[in-house]
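*Asks:* Here is my input; please provide its structure:
(5 chains, ligands or ions: 4)
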Amino acid sequence: MNLLIEKLSRRFESEGGEAVNALCEISLEVMEGEFICILGPSGCGKTTLLRIIAGLEEPTQGRVKMNNEEVHGPNENLVMIFQDYSLFPWRNVTDNVEFGLEVRNIPPEKRRAKADEYIELVGLSSFRTNFPHELSGGMRQRVAVARALAVEPAVLLMDEPFGALDAQTRNLLQTEILEIWNKTKKTILFVTHSVDEALFLADRIIVLTARPGRIREIISVDLPRPRERTEPTFGALRKYVLSLIDQAKKD
Amino acid sequence: MNLLIEKLSRRFESEGGEAVNALCEISLEVMEGEFICILGPSGCGKTTLLRIIAGLEEPTQGRVKMNNEEVHGPNENLVMIFQDYSLFPWRNVTDNVEFGLEVRNIPPEKRRAKADEYIELVGLSSFRTNFPHELSGGMRQRVAVARALAVEPAVLLMDEPFGALDAQTRNLLQTEILEIWNKTKKTILFVTHSVDEALFLADRIIVLTARPGRIREIISVDLPRPRERTEPTFGALRKYVLSLIDQAKKD
Amino acid sequence: TQQPSGAATSSVPTKTATPELNVPVTVTAANNNTTALQATQAMTASGSKPTVNILLSKGVGPMPMLLADGQIDGYIAWQPFVEVAKLANIGKVIVYSGDLPPAGSWKNHPCDVISATDDIISSNPDFVTAMDALFIVSDDYVSNNTNESAAIAADWLVGKMNFTYGKTQVAPIDVLKESLPTIRFSSDPSPDWMNGSRKFIETEAELGYIGGAVKNASPEERDAMIFNFKPYESAKAMVEKGYITTPNKVEKQVSLGYLMSDHDTPLFVAIKNWQYFNDKYHIALKPVDPTASRPDVVELIVNGDNIANIRLISADAGPQLMTLAAQNGIQMAYAGIPPVISAIDKGTKIKVIQPVQNEGSGIVASASSPANDWKSFIDWAKQRSDEGKPLIIATPGKGSIQDVMLRIFLEENGFDLKEVS
Amino acid sequence: MGKSICCKKTLIRIILPLIIIITWEALAYLINNEFILPKIESILLVLLTPTADILGSGGLIGNAAISITRVLIGFLVAALVAIPLGIMMGRRETVHDFFDVTIQLIRPVPPLAWVPLSLAWFKIGITSMAFLIALGAFFPILLNTMDGVKGVKRTWIEAATNLGASEWHILKKVVLPGSAPTMWTGLRVGFGIAWMCVVAAEMLPGTNSGLGYLIMYAYNWGQVQVIIAGMVIIGLIGLIFDTFFKEVERRKFSWRELDR
Amino acid sequence: MGKSICCKKTLIRIILPLIIIITWEALAYLINNEFILPKIESILLVLLTPTADILGSGGLIGNAAISITRVLIGFLVAALVAIPLGIMMGRRETVHDFFDVTIQLIRPVPPLAWVPLSLAWFKIGITSMAFLIALGAFFPILLNTMDGVKGVKRTWIEAATNLGASEWHILKKVVLPGSAPTMWTGLRVGFGIAWMCVVAAEMLPGTNSGLGYLIMYAYNWGQVQVIIAGMVIIGLIGLIFDTFFKEVERRKFSWRELDR
Ligand SMILES: Nc1ncnc2c1ncn2[C@@H]1O[C@H](COP(=O)(O)OP(=O)(O)OP(=O)(O)O)[C@@H](O)[C@H]1O
Ligand SMILES: Nc1ncnc2c1ncn2[C@@H]1O[C@H](COP(=O)(O)OP(=O)(O)OP(=O)(O)O)[C@@H](O)[C@H]1O
Ligand SMILES: [Mg+2]
Ligand SMILES: [Mg+2]
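*Replies:* Ligands and ions are numbered 1, 2, ... in the order given. Coordinates of the predicted model:
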């Protein structure tokens, strides 16, 4: 796996004729198995960046290369998990997880087996036949993760996955996503608003400036895992990142 | 002003016949001008507690006394700010803020003047004629605050007011609410999920146990304001409260 | 002129029609069993009878289109739809209703009549008589002034706009000039007319359209239930004397129902030419709004006095007017005789007080048909039945005069009738 | 206790119908004119002998069956045209614009007004009736399908695309199920209107059966008790179908409400 | 560029009506039978002389005005009854239960079937017509009002209560404005149906004006071009009113969409 982001820019032309520069010359090389968090003020283009990488949107300039091939349109190696989970509410957990396999025409028994495997992985085995509306926010998030994992992509793109959850559930899921990451060895690009979260999860944190989003700084987090939020080094890093963000906002 | 909560319990009977104990014997005396934060796991009854105090719900046992009178039904001294702000989307900012004055039959000029005053206070003077859907989440929150303040209650009840906001906006509003509190000398009961937030804001933090919510501990936060999140004492208190919550969850 | 008295009426022989008519003619949709008629038995040795399909068209409006379009082979309709087929070159007139066989049996058959509720007859007899008098003179006027009447009726019914029937455009007045002479306007309840009426009663009973009071009554009782010619007789006498007595003023507005048909031309003429009738007979229906092309409120003026305020209610079918009469929505009506009979049968307190016109219907066959008169029509129908594609003939609706006459005509000629859809 | 609540609810629900029936009967005796207000007995006489011939047009049940068949045919035709068209109009702005004006112009025209043209174009018979009934059902189905398709969340489609779904898969596995609840509402409303159009359709020349025919025929013969019996049956059948549609909605499409 | 997009859109929107008109005319010449397909000229002849007398019943404009008046009266009656009832049914479960069965039973009965009873109860005249038209408009208005009131967010009401609003204030200042958009949709749909009922209403005996009357009268005389002209006018008027309702919706009630 080899993901390369080269001088990516994105401009939106609104109907009124005004143009918004959402992203500006973002370049990044992502290592295999890396956990990258993207931080930045609201509206700086984080979602846009992820959508371009996922092939859901085209950049105005620059390119995304996956295994040395330019990404245009959906790519089986790059699967996105949306902020609102976007589960299919008319499908139960198993059927949701199977979706990506279905459209790949994988035979029923095989896809059932694979779905079960990933439902097990996210710890929802006893909720296989439940519908999304019967699950809590955290559980839905996990279904979305299982659905993405089931198609076995090389890279997971997660857009503020824990934004809508309460603090406790959030902490729990952070631990869980790390476990899943450990087990599956996926590469993860993870957008968040929370400095705490980024520090807890990431190998590297990309801090973006306010619109148009440019890379302000890339911070390597070398703390050993599992990380303890109350440790002094953690605190120091938090202070540093917060100050960066404050500056990013002013830019 | 004198707010007394005495042995408050609340039980919900569901249609199926099962009963849920949401609150169990909550007693609390609130001082004039105090800023109280209520923390507790999801579903422990925080919202229920606030609703009972606001007179929107009746307790199964116990009572709420405001200025030595039992609270039944809406009370002009206790105004609640809902988690979803519940602004009236068909009214612009001024008209929303005026609502409470309108139903008190205050003459138009007088209520306009008062509305302007509180809109000014929350810093929205240039948005007077905007509609809620034209405002950002944080601005809507401020309108809700202005609307509540306009009726000049003794106590503000706020239910997770910053739950849906991003980290930056949240920090900003925390500072703002403290400012407003300083200026108006209101008593505030503030529900939140965030330990950080509670520590940043409160004079006292009430930590509730999991359902049925009982008071697990009341923590006085004696840090001077403005508080600095990166200070060691802050960090130590955070660690302590987090551990309390972990236990509260297990209860 | 014959002046039937109540006694004279009941002494009129009840049967002058063909003996076949004494045999029940049963055509019910529920069970399509046709009772064999004597004539039929004689004609069909093999036992299987030729068929004609009857299509209930619910009014006559769509008939020219259906005929032009080949969806039907012919129709029986009231005027002017018989003339319309001819003028629009989409059909030919096979036979006018008065000429239906056996010769003379349908001569002067009843069609539209004037009916009045028992209430108004008993509460305002002199008013009803005055109205009768006006109807007598206006009937007379139409018979003697066909062209002028055609113009008035055309104007009332359809204005100045030309009709468009397929490729042909015709002026309404030309149509009515053709149709009015085929209608016999007469308010005289002649023996022919009485016979015709009784024939309808009989047939309606046999078809199952009436099953109440009238059906179970003897012929004499039937006459008493249905007819009340007393106002007519007094009116007739006054007209002949040349002086109409001024009735008492009617306080409440009276509603008079009528049909949007050239059969009701006398009413239109009475109103549009009110000045003439006022001058000549001192009785008139004066429109309250003289500029209205189709007035809906008129005043009855007798000898210069305003006697009554009358509201005109138009309808497109007699039965609707009878329902209204039953609900006391109207007190007098111009309508075909069958709906009046069935309304009386069902307990509506209303009576036939005089005829408006006789005959005025006809059978039309498509322009391409080999038929020219009723005999060749019968042959054509038989031939088509033998070929396995029986004729489809439209009638305006079950139990209408036209429907009843067509059924009797075809059954007497040995046909099996089938309703198609 | 749950039971007594349920009983009380049922009681409340039947009070008004009872009041209406009792008032009706009282007034009927007072007015004593079957043409204005037939007595309940007269109506029941018709309703309780549902196979007895009415005015030579067959029994209530038979006529109801005929009408239902006609409505189903018209309704199916409408659904078969409206659903695909609605999907295309909902998915593609251009298709929407292409059909919009025409649809907006035709929509307000009552089916009754179509009778003459229908006769000319589709001839006498079930085709004409189906056309008139379908016209009534068509617009609610079309507009709801369109709404439903437009209401399919963009993220569902993006999630599907992202997971490798082709355009056809998206249509089959996302757009269709995602818009199904709204579509179903359209079908329910459409069926209701189709059912209301049966009277208009059965006014076509050549019709001699069906509930609508029966009502109009009874009108021509002043048989008010038959008219009311016909109306009661129309109301009941409408209610039954509506309940069926709602029940399916409750069972199959509850996710829509719960997903909010 | 914005302008050319708008032009293209307009073009796309008028293509189909043009195609229909051209095809119609071509077919009309081909078939050459005014019964089946009157030529556009014949129809235009009627449409373009909108004050000229038609079948002795007055001009198109006059009749349209009469029909619009009737529809407005019936519509107003429906709205005046349906909105308060809908609000009460939406606010109180008991009121809802009380009326529900009756409403569900009456709803599927087509206005046409009410003609005879309407005649008996309301006599000939505008009252009967208004009744029939109101019947058509009543149910959409009622059901939408109910839905709208039920859809008023509980927190709006609680916020208002909490701020000291009385029951009356809540009704006036929260329930009414909060349900207004849905209510308006009900009024829009109801008006559409009222407009469609005008034909049924104008089939009442004693009617001799109005677009619906004109159409049915033209049918009785077999004048297809008049029928089509009448349909075009009905379609256009329906379209105009619908556009008006939608425009008000867009201006006044846009908060509903934007508040999501
Ligand atoms: N389809 C679009 N058309 C026009 N502008 C857009 C579009 N999508 C995004 N933008 C604009 O681009 C900018 C970046 O948007 P984006 O959603 O990527 O921000 P973000 O960093 O994800 O913000 P948040 O933290 O609030 O989710 C914003 O100003 C937004 O208004
Ligand atoms: N009206 C009600 N009927 C039945 N149960 C209720 C009702 N309101 C609340 N509950 C139950 O009472 C408990 C407490 O609810 P409450 O909303 O007060 O919790 P909370 O602490 O505010 O939770 P959260 O942090 O998720 O907002 C929950 O289990 C909830 O399901
Ligand atoms: Mg984003
Ligand atoms: Mg809560």
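*Asks:* Return the set of buried residues in stretch C:179-186.
*Replies:* Using 16 or more other C-beta atoms under 10 Å in any protein chain shown as the test for burial, stretch C:179-186 gives C:179, C:180, C:182, C:183, C:184, C:185, C:186. For every residue, glycine as well, the C-beta is placed using N, CA and C.
*Asks:* and if you look at stretch A:43-62?
*Replies:* Residues of stretch A:43-62 classed as buried: A:44-57, A:59-60, A:62 (neighbour count, 16+ other C-beta under 10 Å).
*Asks:* Let's see which of those end up in strands.
*Replies:* Mapping the buried residues of stretch A:43-62 onto strands (DSSP state E) picks out residue A:62.
*Asks:* of the buried residues of stretch A:43-62, list those near ligand 1.
*Replies:* Checked against ligand 1 using C-beta under 6 Å from any ligand atom, the buried residues of stretch A:43-62 yield the following neighbours: A:44, A:45, A:46, A:47, A:48.
*Asks:* which one of those residues is nearest residue C:254?
*Replies:* Looking at those and their distance to residue C:254, the nearest is residue A:47, at 79.9 Å (C-beta to C-beta).
*Asks:* list the contacts for the residue lying closest to the closest one once chain neighbours are set aside?
*Replies:* Take residue A:47 and drop its neighbours on the chain: the residue closest to it by C-beta to C-beta, 6 or more residues apart in numbering or on different chains is residue A:159, 5.5 Å away. Applying C-beta atoms under 8 Å, 6 or more residues apart in numbering or on different chains, we find residue A:159 in contact with A:46, A:47, A:50, A:80, A:81, A:82, A:83, A:191.
*Asks:* Assign a three-state SS to residue A:64, would you?
*Replies:* Look at residue A:64: counting by DSSP: H, G, I helix; E, B strand; the rest coil, its state is strand.
*Asks:* My guess is residue D:215 contacts residue D:227. True?
*Replies:* Yes - the criterion here is C-beta atoms under 8 Å, and residue D:215 meets it with residue D:227 at 5.3 Å.
*Asks:* Those two: who's more crowded?
*Replies:* Applying other C-beta atoms under 10 Å in any protein chain shown to residue D:215 and residue D:227 shows that residue D:215 carries more neighbours, namely 30 against 27.
*Asks:* And the next helix or strand past the helix or strand that that one is a member of?
*Replies:* For residue D:215, the enclosing helix or strand under DSSP states H and E is helix D:211-220. Proceeding C-terminally, helix D:211-220 gives way to helix D:224-252 as the next helix or strand, assigned by DSSP H and E.
*Asks:* picking that back up, so what sits against both of residue D:215 and residue D:227?
*Replies:* In contact with both residue D:215 and residue D:227: residue E:113, using C-beta under 8 Å, 6+ apart.
*Asks:* Tell me which two in the contacts of residue A:159 are the farthest apart.
*Replies:* Pairwise distances among those were taken by C-beta to C-beta; the largest, 13.8 Å, belongs to A:46 and A:81.
*Asks:* OK, contacts around residue 67?
*Replies:* I'll assume chain A. A:1, A:2, A:77.
*Asks:* wrong chain, I was asking about chain D
*Replies:* Taking C-beta under 8 Å, 6+ apart as the contact definition, residue D:67 lies against D:198, D:202, D:210, D:211, D:212.
*Asks:* Thanks again, I'm all set now.
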